[in-house]
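1. What follows is a predicted structure for the sequence shown.
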Amino acid sequence: MMRILVIGAEGTVGKAVVAELGRRHEIVKAGRKSGDLHVDIADENSIRAMFAKLDKVDAVVSTAGHVHYGPLASMTGEQFKSGLLDKLLGQVNLVLIGHSFVTDGGSFTLTSGIPDRDPVRQGANAAAVNGGLGGFVKSAAIELPRGLRINVVSPALLEESAKKYEGFFPGHETVSSARVGLAYAKSVEGALTGQVICVG
Ligand SMILES: NC(=O)c1ccc[n+]([C@@H]2O[C@H](COP(=O)([O-])OP(=O)(O)OC[C@H]3O[C@@H](n4cnc5c(N)ncnc54)[C@H](OP(=O)(O)O)[C@@H]3O)[C@@H](O)[C@H]2O)c1
């Protein structure tokens, strides 16, 4: 049995992760306001404080992070930067700050999403952030110490989120939360590293 930190555990994707991995492992849930531990991944000091409160974990899963959705023609640099600082740098900082708190042979699993491989209108910031996460895990995998692994899961729109994103993903097939949960199990319990694990 592993001890797994899930940041964003009470969210839509996080619940899919906990439903799958929680059957076999101890889950420590973290969120901005929800969960056992509170953290804002956009704030390095908050990440440091969270890891300081934890004993070691065998795996870190992040299903947290916001991007800016909006039309390209009116998008500002500040709006674009908000996604870079939150979903991209926030998840990168979980690795940069957190790796010494993960046991030998443990893993990080981050979350991106479909817009960089199947673009939609208003999704330029999401695409850049998701593509950046893919590049980061590919490179980080070759130099993480102590046999640590790292992957990013890139889900299509979840069935549970179809209403929330109505109109944003025309023609896209949704995926079940069970399928999404399995992708995180593949990353945490399997042997892959440096991979973008696509669901849908
Ligand atoms: N839902 C989908 O269909 C889908 C598909 C592909 C990719 N994704 C990606 O998956 C990620 C999660 O999406 P979701 O739909 O599950 O979102 P969600 O339902 O809004 O849940 C987000 C979770 O992350 C936590 N969180 C948000 N910002 C945080 C921060 N700065 N620091 C720490 N925790 C934070 C929230 O905690 P609190 O509740 O305590 O605020 C919540 O538990 C996003 O990056 C999204 O782009 C989602």
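-> Looks like it arrived, so ask away. Residues are numbered from 1 along each chain as shown.
2. With the ligand in mind, check whether the longest helix seen in the chain reaches it.
-> Longest helix in the chain by number of residues (criterion: DSSP state H): helix 124-140. No - Helix 124-140 is not in contact with the ligand by CB under 6 Å from any ligand atom; minimum separation 6.6 Å. Where you see a C-beta, it was placed from the backbone N, CA and C, and this is true even at glycine.
3. Pull out the CA atoms of the helix or strand just after that helix and give them to me as CSV.
-> Counting by DSSP states H and E, the next helix or strand C-terminal to helix 124-140 is strand 149-155. Coordinates of the C-alpha atoms in strand 149-155 are reproduced here as CSV (Å, rounded to 0.1, in the frame of the first residue of the first chain):
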residue,chain,number,x,y,z
ARG,A,149,9.3,8.9,-12.1
ILE,A,150,7.1,11.6,-13.5
ASN,A,151,4.2,11.6,-16.0
VAL,A,152,1.3,13.9,-17.0
VAL,A,153,-2.2,12.7,-17.6
SER,A,154,-4.0,14.5,-20.4
PRO,A,155,-7.8,13.8,-20.2
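4. average pLDDT across strand 149-155?
-> In this model, strand 149-155 has a mean pLDDT of 98.
5. Now find how far off-centre the longest helix of the chain is within its chain.
-> Relative to its parent chain, helix 124-140 has a centroid offset of 11 Å by CA atoms, centre = their mean, to the nearest Å.
6. before we move on, what about stretch 89-104?
-> For stretch 89-104, the distance to the chain centre is 12 Å (CA atoms, centre = their mean).
7. who touches that stretch?
-> By CB atoms under 8 Å, 6 or more residues apart in numbering, the surrounding residues in contact with stretch 89-104 are 7, 41-42, 44, 47-48, 51, 54, 56-60, 62, 64-65, 108, 110-111, 133, 136, 140, 144-148, 150.
8. now these: which count as buried?
-> 7, 41-42, 47, 51, 54, 57-60, 62, 64-65, 108, 110-111, 133, 136, 140, 144, 148, 150 (16 or more other CB atoms under 10 Å).
9. Just these: which are in helices?
-> Using DSSP H, the members of those that fall in helices are Ile47, Phe51, Leu133, Phe136, Ala140.
10. Can you add pLDDT and give those back as a markdown table?
-> Below are those laid out as a markdown table (pLDDT from 0 to 100):
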| residue | pLDDT |
| --- | --- |
| Ile47 | 98 |
| Phe51 | 97 |
| Leu133 | 98 |
| Phe136 | 98 |
| Ala140 | 98 |
